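Undergrad: Here is my input, please return the structure:
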Amino acid sequence: MDVVFPESDSPTPAYLDFEDDVVEGLADRMGLAQDEVTGALAQAVAQTLAREGTPSTLFARHMRRTRAWVAGGREGCPPFLALLAVFCLAAEQMAAGDGMSQANYFGRLQAALGRPGDERVNQAYRRVAERLWSEHNRWLVELDGARGLPTAFALTHRYVGLTVSQALVRSGDRERLKEFFRQYGFAPGVDVAPSELKPVLGEWITQASSPVTSTLKRLWGMGAAKERIAQAASVALSAWDGSVQERRGRGEGGHVQRGHLALTLELGGFPRKRFAVQALLYLPQPGVPREGRVLTAAAPTAIELVPDLPGSLGLGRGSSLHAGDVLEGRLCIEDTLSGQVVERRPRRLVLFREDELSRRWVESPQVMLGDDVRLLVHQDLVGRVSAVLEAVARPGWKVLDPYPDQPAGWVVFTDVEVFGRPGDLVASGRVDDLSPLVPLTTNQLKVAGGFALPGQVRGKWHSWAPPEIRAASDAPGGFRVTVTDLRRFSADGDGDAVEETLLESWSDDGAGVLVRSMVDLDLEDGDYRVELVAGGSAEPVSSTLVLLRSADTPDHRQWAALKPVSYSDGVGTLGVARTRPGPVDVKGHVVTGGRPLRAEGDPPPVVPGWELGRRSSARSQEAVVRLTMPDADSCIHTGRHREHIETVPTDSRGRPLRAWSEGRCGGCGLVRRYPTRLPRNGAAGKVPEPDVSMPRRDVTVLPGSVESSGMWATAFDALLHTGGGSWSHLERIALQIEATALFVDQFTRTLEVLGHIDVERHPATLEPVAWEVTPTSLAGTRQGFLFSGYWPGRIYVDVGSRLEAAGLRLAVEEADDDIASYFVEATAEQVAFLAADDDGVPVVVDAWREVAGVLPPLSQLVEALPRQSAASVVGDLTWYDPRDNTWAKVGSLDAPGAYRARRFATTDVVRTEGDVANGLVARSSVQLGKHVAALMAGAPLMAFDPTSETLWVPMGADLPGLYGRAAVAASGRPPVAVPQRRLLRYDAVPRDLAAHLYDLFKK
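TA: As a prediction, this is how the structure comes out:
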């Protein structure tokens, strides 16, 4: 298992094949020569087969062991891997031999199992193949990619196809397929039917200088192999993350990887509306930060390049691009590390597709059927684009009102889903600005929308917000979409078939398109298969899995792997893990080793001691790169394209060596492809035009797009399902509410101060690195007890019913754009019975007193912060002025205070007088830094209204870590922003608590 499916933190698609490194590893484990491994494996498996009996008994021993493994909770190594390995060995021998026919496979399998001519092998294989491969895939899914991502799927030849999917395309060619996906504009992770890939895949493989190995090129020449190679490519595409592995020099296939550049579009709504266009660069060694140079700037300009999406680099926070210049000018960037130069030319229609992992909108050359896309359109094209979308897009697309900073003359279309080809609305015989709206495929099954759950395995959604099904097909007899419940097989089942239940079958009714929401099926947590089947056929054109989960079906593997997260004294107040056990431990609102709170002194003043309402001018100091702009006769202004058609090489008889020739506009780079081979009945010299008379699909039958609601509740339940883990897991959940880093920060701080999650921060940088849902507890507030931490639906219903049976009232405080808080209105005596049970719920009577009692004075926390040399802090510097809550640009770190440095990333530091003398800085967060600066100035950033019991701090100066949790614990509600006054309000704060916090922030 460890040789074929090694554990990895960065999972890749897993194939049960016999690559050279696998054979070498097995030889070491088995103590054999490498050329003896496969024979010994086949012989060992052959000895486990029943010698006599019917086909149902041939693999009976393996099926008994499989049922026992399932009954034991699928722990450890699956007992059927060796048998599946021999199945794949036969497929590899078939690929290396004399053909790809089904009969040829069974002949090879019989020989591998030592049963030549035994027809029982064929029937026995058909009885167990789907079941075992299904369990194999489920094993990988439940490991969440720790041993690889499942790839054993078959749309046609369902039995043999499963095994052939593992062995046909070798690892080197699978890497080359990523170059094919990028070259032809396929989006990462998309499901494309093999029949749609086959034509373009054949064009790519058979070009004169083929990019694939000679073995794969030879296999493509076998008629029966094409469909299966296309299926392997389809599986690889669905698992692709967008990265392309760097190839050093020219290997077999003669290709050298080249970088490219794409734009990203941000339409932000938090904390204010924001329009931004930035660049992604796909270059060698994308994990290495470096500098680049904008060669087309008014003067060549240095910029920062930092790791971004998988396989790409983005611009560092100290650099940004002028949106109008990027849209209308030529962007050319030189990479100082590799020496490569990447270029993007302006286009009058820019299409953006949402990246599933980051929720970023990334430029794509072509639309895919059913994809969510956004369009950035030059004003001269708005009428044409609207006409095309009326004909081919799902109802509900919008033209947005201009955003701040949106370039004049450009219009944003959003909620666009294309379901058909525009036909003669987009010119086919020349370069057309609207060509990105011509879909790459004609048939598509897509599962999209809903609330995706984090993890390495794609296709997992929250059952409260399942996805919708989008399908389009030109099948002559129409098509249907089916949803099947995959209950798998039970441990005591007698048969060998996978247990399945058909839940729904929808027909397109001749429209050629179909959209159905899985919400309407009212599905429970479970595994489901969605298939698109052409009319009159039993074989699916496309298929995909949908896994529905919630907090009631937690990710057990993730929970089991969690590293505990808690708070302690000192810098542990911020979530930095201690290196050895200490006297204080805080998890949620449950405090161990705390001390009684002694509130002394006066509360903060009623009137804030800092000047209100001013905005920092330092935000505008970010360097904006301006580009040289094209002439007035450029196609970006005129719409007139100057097309250059490449010369196609020919053989000795004058026949073209490539199936297509490209015409490219010299101004914007738009490409039009022309066939180089005439049809057999075509007239000499006549270039055939694509068929634009194909029937147009009736998109008017589609339901309009639906706005998501209740996202906070679903996101919180998704956290409970996940339990905790790496920071990327939390980011993936938060980005589905608002796809900005600012919102991720606000989402995290809200849940942290409410005591629902604990956040671990890096001991050297204070950056968040991990998180964990806090234990189930009832935290005493001023209006009752807050349901704090881990409260999945099943536990809440059980405990809630017991509380109501005791005559107590449950209350909910809901907010449209925030998390709801759940309370039971009761005294400590009334809920004490819950804590008395063996598996009782901890009851924290005065949560704010418990948490506040462990807080250190701010000066002690500053002394405990991690230090580093001041010389290591480089970049553009700003200094915080606590008198008016603003940042000012400075040239050095010479004075005490709070600073921000921008270079590749933003670094927050503070300096005491001792730090200045010793040449050091202390790492901080921006919120903590502001309060430290105020401490040094002798004027804490707090105000308190004793009448309303409201504590005020400046916006952006939230109370950090456990200080914020203590302030919120009295009310059970997060702080509320008051943008008009640039203040943050903490409600229902007792006078004693306000006085205690004020005292801590003064000393």
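Undergrad: is P768 in a bridge, and if so with what?
TA: Taking DSSP bridges as the rule, P768 bridges to R761.
Undergrad: what's the answer for G725, then?
TA: Applying DSSP bridges to G725, the residues it is bridged with are W771.
Undergrad: Can you get me a residue count around it?
TA: Residues near G725, counting by other C-beta atoms under 10 Å, number 21. Any C-beta I mention is one placed from the backbone N, CA and C, and that applies to glycine too.
Undergrad: Hmm, it is touching L562, no?
TA: Yes - using C-beta atoms under 8 Å, G725 is in contact with L562, at 6.4 Å.
Undergrad: Could you tell me which residues touch both of these two?
TA: Counting by C-beta atoms under 8 Å, 6 or more residues apart in numbering, the contacts common to G725 and L562 are E772.
Undergrad: Identify each buried residue in stretch 372-382, please.
TA: Using 16 or more other C-beta atoms under 10 Å as the burial criterion, the residues of stretch 372-382 that qualify are 372-378, 381.
Undergrad: what does stretch 725-732 give?
TA: 725, 727, 729-732.
Undergrad: export it as PDB, just CAs?
TA: Taking C-alpha atoms only, stretch 725-732 is exported to PDB below (Å, rounded to 0.1, in the frame of the first residue of the first chain):
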ATOM      1  CA  GLY A 725      -7.200  21.600  10.700                       C
ATOM      2  CA  SER A 726      -5.100  23.700   8.300                       C
ATOM      3  CA  TRP A 727      -5.800  27.300   7.700                       C
ATOM      4  CA  SER A 728      -6.700  26.500   4.100                       C
ATOM      5  CA  HIS A 729      -9.700  24.500   5.200                       C
ATOM      6  CA  LEU A 730     -11.200  27.500   7.000                       C
ATOM      7  CA  GLU A 731     -10.400  29.800   4.100                       C
ATOM      8  CA  ARG A 732     -12.200  27.600   1.700                       C
END
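Undergrad: how about low-confidence regions in the stretch 351-500 of the chain?
TA: Low-confidence segments of the stretch 351-500 of the chain, defined by pLDDT under 70: 488-498.
Undergrad: mind redoing it with 50?
TA: The model of the stretch 351-500 of the chain has pLDDT under 50 over residues 490-493.
Undergrad: can you give me the helices in it?
TA: 382-392 (DSSP state H, counting those that start in this stretch).
Undergrad: Which parts of it are strands?
TA: Here the stretch 351-500 of the chain has its strands, by DSSP state E, counting those that start in this stretch, at 361-363, 373-378, 398-399, 410-416, 444-448, 460-462, 468-472, 479-488, 499-507.
Undergrad: Return the most buried member of these.
TA: strand 468-472 (a mean of 25; mean count of other C-beta atoms under 10 Å).
Undergrad: Distance-wise, check R903 relative to D876.
TA: 7 Å (C-beta to C-beta, to the nearest Å).
Undergrad: Ok, Y159 next?
TA: 63 Å.
Undergrad: where along the stretch 201-350 of the chain do the strands fall?
TA: Under DSSP E, counting those that start in this stretch, the stretch 201-350 of the chain gives strands at 260-268, 274-282, 290-294, 301-307, 313-315, 319-321, 331-335, 341-344, 349-354.
Undergrad: Would you mind giving these as a markdown table with mean neighbour count and distance to T544 added?
TA: Shown next, in a markdown table, are the strands of the stretch 201-350 of the chain (neighbours: other C-beta atoms under 10 Å; distance: least, C-beta to C-beta, whole Å):
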| stretch | mean neighbour count | distance to T544 |
| --- | --- | --- |
| strand 260-268 | 19 | 26 |
| strand 274-282 | 21 | 27 |
| strand 290-294 | 19 | 39 |
| strand 301-307 | 18 | 30 |
| strand 313-315 | 23 | 30 |
| strand 319-321 | 22 | 37 |
| strand 331-335 | 21 | 36 |
| strand 341-344 | 18 | 33 |
| strand 349-354 | 22 | 18 |
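Undergrad: Out of those, the one nearest G570 is which?
TA: strand 301-307 (31.8 Å; C-beta to C-beta).
Undergrad: Tell me how many other residues crowd the nearest residue to L962 once chain neighbours are set aside.
TA: Take L962 and drop its neighbours on the chain: the residue closest to it by C-beta to C-beta, 6 or more residues apart in numbering is T573, 4.9 Å away. A count of neighbours around T573, defined by other C-beta under 10 Å, yields 24.
Undergrad: Tell me which of the buried residues of stretch 725-732 fall in helices.
TA: Counting by DSSP state H, the part of these found in helices is 727, 729-732.
Undergrad: Put together TSV for those residues, with pLDDT and distance to S10 on each row.
TA: Output for those, formatted as TSV (pLDDT from 0 to 100; distance: C-beta to C-beta, whole Å):
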residue	pLDDT	distance to S10
W727	93	15
H729	92	14
L730	95	18
E731	93	16
R732	92	15
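Undergrad: which one among those residues gets closest to D602?
TA: Closest approach between these and D602, by C-beta to C-beta: L730, at 38.8 Å.
Undergrad: okay, among the buried residues of stretch 372-382, which ones form the most distant pair?
TA: D372 and H378 (21.8 Å).
Undergrad: ok, D999 - contacts?
TA: D999 neighbours (C-beta under 8 Å, 6+ apart): 599-601, 857.
Undergrad: Where does the prediction get shaky in the stretch 601-750 of the chain?
TA: For the stretch 601-750 of the chain (pLDDT under 50), the answer is 618-621, 680-694.
Undergrad: That one: strands as residue ranges?
TA: Going by DSSP E, counting those that start in this stretch, the stretch 601-750 of the chain shows strands at 623-625, 643-645, 660-665, 671-675, 724-726.
Undergrad: Go through the strands of the stretch 201-350 of the chain and find the least confident stretch.
TA: Comparing mean pLDDT across the strands of the stretch 201-350 of the chain, the lowest value falls on strand 319-321: a mean of 78.
Undergrad: So what are the sheet partners of that one and their directions?
TA: Strand pairing (DSSP bridges) places strand 319-321 next to strand 623-625 (parallel).
Undergrad: ok, A994 - contacts?
TA: 603-604, 942, 944, 949, 951.
Undergrad: May I ask which two of those are separated the most?
TA: M942 and E949 (13.6 Å).
Undergrad: Please identify which of these two sits among more neighbours.
TA: M942 (26 against 19).
Undergrad: show me what contacts the more buried one?
TA: 604, 951-953, 994, 997-998, 1001.
Undergrad: L786: which of the contacts of A994 is nearest?
TA: Closest to L786, out of all of those and judged by C-beta to C-beta, is E949, at 17.3 Å.
Undergrad: and the gap between the residue nearest to the spatial centre of the chain and G185?
TA: Most central in the chain under C-alpha atoms, centre = their mean is L357, positioned 1.2 Å from the mean C-alpha point. L357 sits at a distance of 19 Å from G185 (criterion: C-beta to C-beta).
Undergrad: R120 contacts T54, doesn't it?
TA: Yes - using C-beta under 8 Å, R120 is in contact with T54, at 7.2 Å.
Undergrad: okay, those two: which has more neighbours?
TA: Neighbour count, other C-beta under 10 Å: between R120 and T54, R120 has more, with 17 against 11.
Undergrad: neighbours around the residue nearest to that one when sequence neighbours are not counted, how many?
TA: Take R120 and drop its neighbours on the chain: the residue closest to it by C-beta to C-beta, 6+ apart is P55, 4.6 Å away. Here the number of neighbours of P55 (other C-beta under 10 Å) works out to 18.
Undergrad: distance of P55 from R74?
TA: Using C-beta to C-beta, P55 is found at 26 Å from R74.
Undergrad: got it, and P150?
TA: P150 is 14 Å from R74, by C-beta to C-beta.
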